[in-house]
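>>> need coordinates for the following:
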Amino acid sequence: MQKGVLLVIVALLAMGVAHTTNHFLIKDQMIEDLQTKVLWNTATGEYVQIITDLGGRVEDLVLMDPSQQTLRSVLLTHNKNATEIKENTWWKNGLCHPVSIWKYTFYNESYQLPINDIPNNDALHGFLVSKPMTVEGQSISDEGAVLNLTYQFDGKDPGYPFHPFVRLQYTLSVSGFEIHIHVTNMNPTKPMLFYVGWHPYFQSSVYQTRITLDRHCNKWAAVTLNDHLIPTGITHLFNGFVGNDEIGGTYTTPKYYDKSLKAVGTYPDSAECFPNEILYTRLYDSETRQTVVLYHYKNKFPIVHVLTGIVSATGEQAVAIEPMSAMADSFNNHDNLQILSGGEIWSGAFGVYLQ
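From the prediction side, this is the model:
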């Protein structure tokens, strides 16, 4: 009996030791009346906070800078102010679709989206950004923490009578942070259209920031926008953002960018270039000497939008670099627009790490 008890104790201790090697955890945390999930690496202090009540927005992301062995707050936050989170004037870190003209036609049916950008008469960022998400599951392992959130559209959103089922998978690992998006058309008889993007604001001293677009296998085209931020269809080869020059301007008034860029012209003579290659967009802050890397799959998110305007508007130092599955206003211009038949599934991913 004593030997049996001893074996049980040894087994329990072994289980405890094994458990302590897993440094990842997931915990619930409230921001006033808002429910959030925090994925945490207790060994490094890295974490990501996700607002489950509002479309799975990323409220905070802290990662380890391997070059300096210090923790860095990567994204702008709302400083745990629930009112500001709900107002979300600058659409910080939400999953959404970009700007659209408020009306469009699909299979000879006309639809009208609600206008929420009155000066430009535009419909901004879609419906998911404000939806209450369902926690479908979560898990931890030695490799990381994974959270799955879902939302089923019921076809009652004004101007968007479709039924996508959206699954968002968030992963915090030793390699960084990643979001994987799955969209399924749940209407078996009716096609649906959609596009999606992420609207992260990366903390950086903007006028001293250097952006590097991935040109390993790609050229980039700049898209001309009209006065209402709608693409005109006119593009030209873009040779900027090569990492040599800072954005420029001053600390309080950096050079203004509100620019859509599309990866084009994969070089066919290179055996290293594939349609599903990963694009790496780098943001280097000359003041802190830290590099943020945003990665996204070219065949899923071929477009990035760069915005520096938040500095003059709020005084916050950050650059928005938005990976987008389709061009702004793709409900009308159809540039990379996704159309799913009944039961069809689309998926794509992007992520962030420090270099």
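
>>> for the rest of this, base every contact and every neighbour count on C-alpha atoms.
Noted.

>>> just for this structure, where's the confidence low?
Scanning the chain with the threshold set as pLDDT under 70 gives 1-21, 97-100, 265-276.

>>> find the nearest non-adjacent residue to the spatially most central residue of it, please.
Nearest to the mean C-alpha position of the chain, by C-alpha atoms, centre = their mean, lies Trp198 at 3.2 Å. Closest residue in space to Trp198, ignoring its immediate chain neighbours: Leu95 at 4.6 Å, by C-alpha to C-alpha, 6 or more residues apart in numbering.

>>> got the phi and psi for the residue nearest to the centre of the chain?
Note on Trp198: its backbone torsions stand at phi -120, psi 140 [degrees, to the nearest 10].

>>> could you do Asp258 as well?
Given degrees, to the nearest 10, the pair of backbone angles that Asp258 has is phi -140, psi 70.

>>> surely it and Leu307 touch.
Yes: using C-alpha atoms under 8 Å, Asp258 is in contact with Leu307, at 4.5 Å.

>>> neighbour count for the two, which is higher?
Just comparing Asp258 and Leu307: by other C-alpha atoms under 10 Å the higher neighbour count belongs to Leu307, 19 against 12.

>>> OK, contacts around the more buried one?
256-259, 319-321 (C-alpha atoms under 8 Å, 6 or more residues apart in numbering).

>>> and Met192, by the same measure?
Here Met192 is in contact with 162-164, 185, 339-342 (criterion: C-alpha under 8 Å, 6+ apart).

>>> residues in contact with stretch 197-209: which ones?
Identification of contacts with stretch 197-209 by C-alpha under 8 Å, 6+ apart yields 73-76, 91-98, 246-251, 253-255, 283-287, 301, 308, 311, 317-325.

>>> the residue nearest to Trp198 and Thr70, how far apart?
Using C-alpha to C-alpha, to the nearest Å, one gets 28 Å for the distance from Leu95 to Thr70.

>>> one step back: restricted to strands, list the contacts of Leu307.
Assigned to strands by DSSP state E, the following of the contacts of Leu307 qualify: 258-259, 319-321.

>>> export these to JSON lines and append columns for distance to Pro114.
JSON lines is the format used below for these (distance: C-alpha to C-alpha, whole Å):
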{"residue": "Asp258", "distance to Pro114": "23"}
{"residue": "Lys259", "distance to Pro114": "24"}
{"residue": "Val319", "distance to Pro114": "27"}
{"residue": "Ala320", "distance to Pro114": "24"}
{"residue": "Ile321", "distance to Pro114": "25"}
